[in-house]
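> My questions are about this predicted structure, shown below with the sequence.
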Amino acid sequence: MPRAWTLESRPVEMPSHDNFALKDIELPPLANGQIRVKNDWLSVDPYMRGRMRDVKSYTPPFQIGEPMQGGALGLVTESRAEGFAEGDRVQHMMGWRDEAVVNAAEAQKMPAIDVPPQSFLGYLGMPGMTAYFGLLDVGEAKEGDTVFVSAAAGAVGSTVVQIAKAKGMTVIGSAGGQDKCDWVASLGADATVDYKSPGDLLEKLQAAAPKGIDVYFDNVGGEHLDAAFMVANPGAHFAECGMIDIYNTTEPTELKYIANIIGKGITMRGFIVTQFMPRATEFYEDMGRLVMEGKIKSTETVHDGLDSAVDAFLGLFTGGNTGKMLVKV
């Protein structure tokens, strides 16, 4: 029988296993315009933490007792939708489960690019598109710029590092621990900042970026954002992708250097990747080319089995992943 993870209670700070339950579910018979999909890869992402709060946002909150949602890849096992046939590989948002009935309008066939299928949940999926448009469109990064990337060992951050290097930029990546910093350097970063090592984060960033930064790609917020305000060059652009540093706390964020946004004329813009979905073809063409040229590579942290999905999700907040965090169903 199909199974799905449900949200049983809303976490106030750091989630725990007690907030979730894995339950048997019944799937409805297919209606016209629907497909049945057997999931084989699931994505867990930091933004899902926000959906566990009962607040108005850009996407509706998870409902208590109902199956959660998230990115997934799978094979069509039955179709009553034009353009979809049994055996097609598709991407959709009915994750956190092993089988789903999906409206065909909400599923996408995978482009014919010779990469492992799970890549479409990583650097050729939502994280990759977030990195691509966040850096080049929101951050307005250009050749010759110095780019600072926080959470540079994560799915989005590691892709930002590689896109920036492929486009002729100097890159500084922040990550937690020497092993992760070494990996970020292997992706091409010109300098790394180990935020977990002893010492002041601002001083580390100043040492890594003696000429300042022109673009900050923010995945963390908090102290990283504050340090970026201090080190930013006049006219710098901040692409605000995420603030994982504050997702599991109720304490207010303290920013000592935010006034620099005025004197330095910093442009700070938040964004959601869905804003750029109409430009997906542009993304696939350029990123596909970079992948084929060997300029973009991927590392994944994989948890095996649907039972491990909560462990994978919680690992996002404890440094448990290098690259994209995935669940192989």
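Sure, I can see it.
> alpha carbons only for contacts and neighbour counts from here, please
Noted.
> Can you show me the strands along the stretch 201-329 of the chain?
Assigned by DSSP state E, counting those that start in this stretch, the strands in the stretch 201-329 of the chain fall at 213-218, 232-240, 267-270, 300-304, 324-328.
> again with the stretch 1-150 of the chain
Per DSSP E, counting those that start in this stretch, the stretch 1-150 of the chain carries strands over the ranges 3-7, 20-24, 34-43, 72-79, 89-92, 99-103, 108-109, 146-149.
> How about Q63: what's its closest non-neighbour residue?
In this structure, Q63 finds its nearest non-sequential neighbour in L7, 6.9 Å apart by Cα to Cα, 6 or more residues apart in numbering.
> check contacts around the one you found.
N19, F20, A21, M52, F62, Q63, I64, G65, E66, P67, M68 (Cα atoms under 8 Å, 6 or more residues apart in numbering).
> give the contact list for A105.
Contacts of A105 by Cα under 8 Å, 6+ apart are G33.
> Pull up the gap between it and E8, please.
Distance from A105 to E8, counting by Cα to Cα, to the nearest Å: 29 Å.
> circling back to that earlier point, select, out of the strands of the stretch 1-150 of the chain, the one closest to E203.
With Cα to Cα as the measure, strand 146-149 is the member of the strands of the stretch 1-150 of the chain nearest E203 (14.2 Å).
> what's the burial count for the closest residue to G221 other than its chain neighbours?
Excluding the flanking residues, the one nearest G221 by Cα to Cα, 6+ apart is M243, at 4.3 Å. Residues contacting M243 under the criterion other Cα atoms under 10 Å number 18.
> Over to M14?
For M14, using other Cα under 10 Å, the count is 11.
> Ok, G83 next?
Count around G83 with other Cα under 10 Å applied: 10.
> Contact partners for it?
For G83, no contacting residues are found, by Cα under 8 Å, 6+ apart.
> Quick one, grab the pLDDT at it.
pLDDT, G83: 94.
> And it, how close does it get to V90?
Distance, G83 to V90, by Cα to Cα: 12 Å.
> Out of the strands of the stretch 201-329 of the chain, the one nearest K256 is which?
Proximity of the strands of the stretch 201-329 of the chain to K256 was assessed by Cα to Cα; the nearest stretch is strand 232-240, lying at 14.0 Å.
> Give me the buried positions along the closest one.
A232, N233, P234, A236, H237, F238, A239, E240 (16 or more other Cα atoms under 10 Å).
> likewise stretch 100-120?
Neighbour counts over stretch 100-120 (16+ other Cα under 10 Å) mark A100, V101, V102, N103, A104, A107, P117, Q118, S119, F120 as buried.
> Adding pLDDT and distance to V184, write these out as CSV.
Formatted as CSV, the buried residues of stretch 100-120 follow (pLDDT from 0 to 100; distance: Cα to Cα, whole Å):
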residue, pLDDT, distance to V184
A100, 97, 36
V101, 97, 39
V102, 97, 37
N103, 97, 39
A104, 96, 38
A107, 95, 33
P117, 90, 23
Q118, 93, 21
S119, 92, 19
F120, 92, 21
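> Who are the contact partners of the residue nearest to G221?
So M243 contacts D218, N219, V220, G221, G222 (Cα under 8 Å, 6+ apart).
> Identify all contacting residues around stretch 305-324.
Identification of contacts with stretch 305-324 by Cα under 8 Å, 6+ apart yields 15-17, 20, 22, 44-46, 96-98, 122, 153-156, 158, 176, 180, 244, 298-301, 303, 325-329.
> Quick check: mean pLDDT of it?
Mean per-residue pLDDT for stretch 305-324: 95.
> Could you do stretch 204-217 as well?
On average, the pLDDT along stretch 204-217 is 98.
> What subset of the contacts of L7 is buried?
F20, A21, M52, F62, Q63, I64, P67, M68.
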